[in-house]
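Chemist: Show me the folded form of this:
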Amino acid sequence: MRHSFKYIFILLFTLKIAAQADKETYLFSKDIEAKIQKDTLPWRYQMGATDYSISEYYTKALETWDRNGGTIKKISKEDSLYFNSFQKKNAKEYIINRSKDEKIIIINEAHHNNRHRVFTASLLQGLYDNGYRFFGLEALADSLINERKFPVSESGFYVKEPQMANLLKEALKIGFVLFEYEAASGKNGKEREIEEAENIAQLIRKNPNSKFLIHCGWDHVIEGTPNNKNWEKAMAGRLKEKTNIDPFTIDQVTYTEKGNPKFTNPYVLMANPKESVVLVNGNGKLFNGGETNDQTDCRIIHPITEYINGRPDWLTIDGQRKTHTLPKSKITQYPILALAYRKNEVEQNGVPADIIEITNKEATANFILEKGMYKIILKDKNYKIIQEFDANVK
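Modeler: A predicted model of the protein is given here:
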């Protein structure tokens, strides 16, 4: 009987910890994997990849998405010859220079890939300098963000992810007006594409002399023939139709590394760039996947990620952000989850600027943060706060 009580206690304690984890936004990797294993829905790997990305496990997010089923792409001899007729150009420099002659730029992301948000963030200052003032995001659901000047956990499902929140924070700091354009709840397919486009078009009509940056998910960037034929036209194509303005459309998703290298598009390996690039031929034409592809104006080829002390190299945005090592003297147990909040935002339910999981005393604990004052919060494996302290990133 004594042993029975012991097992019941262990079971109840385990259930209590699981319930606590369910209430948390940012999770230990073992708890995310446990959620995936427990889930029986067909899209559990997509949701698991999103959970990993929200807690800043970039590699695990990519690997988990692949578990949903990847495909191995093959390039024909003709496609290879066509591809090799283009030259690599720095993507950031090309886009910013081209933006001078554009009115609407639409760039997409894969919702589980934090890199795409970081790249869009790298464009912001250059675009603002070239006259862009309005920044629309499919992920945003916050009518007060322009007054508050920073995102909070309720600003949108994907805004809880630190790199998305950093993107919004940077835009606000520079001077952009953020706006939401998502369709009303329950709208899907063709109906959703039309309403999203109309929401953006209304703002453009009210501000005819302004320039607009739009950040969307996946295929909404397509201005030509969408993959989903039931849409007839995706959001970008609908917007072009409604405004009579040809947007400059940029696909970040197609030529980005996968978790399993065998699923990475061969064009990424053929280009083997050391920086994010677009491809341009001698006539100024951009490579967008094929001679007859009308979906977007160009496709960015992102390089394979290199890791510095376990963190993706692109997180630094070419040195704009700094490495801040968590002092080992602050860590009294393992594993811990460490969250870095901008000073004075955590009290208002702000979103952390970075998150790291530290599993053992040999692990390097590096945040990647812009200069400023932060409140660091450490949580133990049961999500109990065990330390809080300020840090100055210089």
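Chemist: Tell me where the model's unsure across the stretch 1-150 of the chain.
Modeler: For the stretch 1-150 of the chain, the stretches with pLDDT under 70 are 1-21.
Chemist: Please enumerate the helices of the stretch 51-200 of the chain.
Modeler: 58-66, 77-83, 91-98, 114-129, 145-148, 162-174, 189-206 (DSSP state H, counting those that start in this stretch).
Chemist: in the second one, what's buried?
Modeler: Going by neighbour count (16 or more other C-beta atoms under 10 Å), the buried part of helix 77-83 is Y82, F83. (C-beta placed from N, C-alpha, C; glycine too.)
Chemist: What helices and strands are in contact with it?
Modeler: helix 266-271 (3 or more C-beta pairs under 8 Å, 6 or more residues apart in numbering; DSSP states H and E).
Chemist: Recalculate using a threshold of 6 Å.
Modeler: In terms of contacts (3 or more C-beta pairs under 6 Å, 6 or more residues apart in numbering; DSSP states H and E), helix 77-83 is not packed against any helix or strand.
Chemist: CA-only coordinates of that helix in CSV, if you can.
Modeler: Written as CSV, here are the backbone C-alpha positions of helix 77-83 (Å, rounded to 0.1, in the frame of the first residue of the first chain):
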residue,chain,number,x,y,z
LYS,A,77,20.0,19.9,-67.5
GLU,A,78,18.0,22.7,-69.2
ASP,A,79,17.1,24.2,-65.8
SER,A,80,20.7,24.0,-64.7
LEU,A,81,21.9,25.8,-67.8
TYR,A,82,19.3,28.5,-67.3
PHE,A,83,20.2,28.9,-63.6
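Chemist: Report the distance from it to the chain centre.
Modeler: 31 Å (C-alpha atoms, centre = their mean, to the nearest Å).
Chemist: what's around K206, how many residues?
Modeler: 8 (other C-beta atoms under 10 Å).
Chemist: what's the answer for D31, then?
Modeler: If you count neighbours by other C-beta under 10 Å, D31 ends up with 20.
Chemist: secondary structure element for it?
Modeler: helix 29-38 (DSSP states H and E).
Chemist: looking at this, K274 is in a strand?
Modeler: No - using DSSP: H, G, I helix; E, B strand; the rest coil, the secondary structure at K274 is coil, not a strand.
Chemist: Now do the contacts for D219.
Modeler: Shown in contact with D219 (C-beta atoms under 6 Å, 6 or more residues apart in numbering): P226, N227, A234.
Chemist: Next, the angle from the helix holding D31 to helix 58-66.
Modeler: Interaxial angle of helix 29-38 relative to helix 58-66 (axes from the mean of the first three to the mean of the last three C-alpha atoms, to 10 degrees): 10 degrees.
Chemist: Can you list the buried residues in helix 29-38?
Modeler: Neighbour counts over helix 29-38 (16+ other C-beta under 10 Å) mark S29, D31, I32, E33, K35, I36 as buried.
Chemist: Same question for stretch 219-229.
Modeler: Quick answer for stretch 219-229 (16+ other C-beta under 10 Å): D219, H220, V221, I222, E223, G224, P226.
Chemist: who's in contact with the spatially closest residue to the second one that is not a sequence neighbour?
Modeler: Computed as C-beta to C-beta, 6 or more residues apart in numbering, the closest residue to H220 that is not its neighbour in sequence is M235, at 4.2 Å. With contacts defined as C-beta under 6 Å, 6+ apart, the neighbours of M235 are E193, E196, A197, H220.
Chemist: helices and strands around the helix holding D31, which ones?
Modeler: Counting by 3+ C-beta pairs under 6 Å, 6+ apart, helix 29-38 packs on helix 44-54.
Chemist: Share the number of residues neighbouring P335, please.
Modeler: So P335, with other C-beta under 10 Å, has 16 neighbours.
Chemist: Just confirm it contacts T359, I think it does.
Modeler: Yes - under the criterion of C-beta atoms under 6 Å, P335 makes contact with T359 at 4.6 Å.
Chemist: Among the contacts of M235, which pair sits farthest apart?
Modeler: Comparing all pairs in the contacts of M235 by C-beta to C-beta, the longest separation belongs to A197 and H220, at 9.2 Å.
Chemist: For E182, which of the helices of the stretch 51-200 of the chain is the nearest?
Modeler: Of all these, helix 189-206 comes closest under C-beta to C-beta, at 6.5 Å.
Chemist: I'd like the average pLDDT over that closest one.
Modeler: Helix 189-206 shows a mean pLDDT of 98.
Chemist: Okay, buried residues for that helix please.
Modeler: Under 16+ other C-beta under 10 Å, the buried positions of helix 189-206 are K190, R192, E193, I194, E195, E196, A197, N199, I200, A201, I204.
Chemist: Likewise for stretch 371-382?
Modeler: Within stretch 371-382, the residues that count as buried by 16+ other C-beta under 10 Å are Y374, K375, I376, I377, L378, K379, D380.
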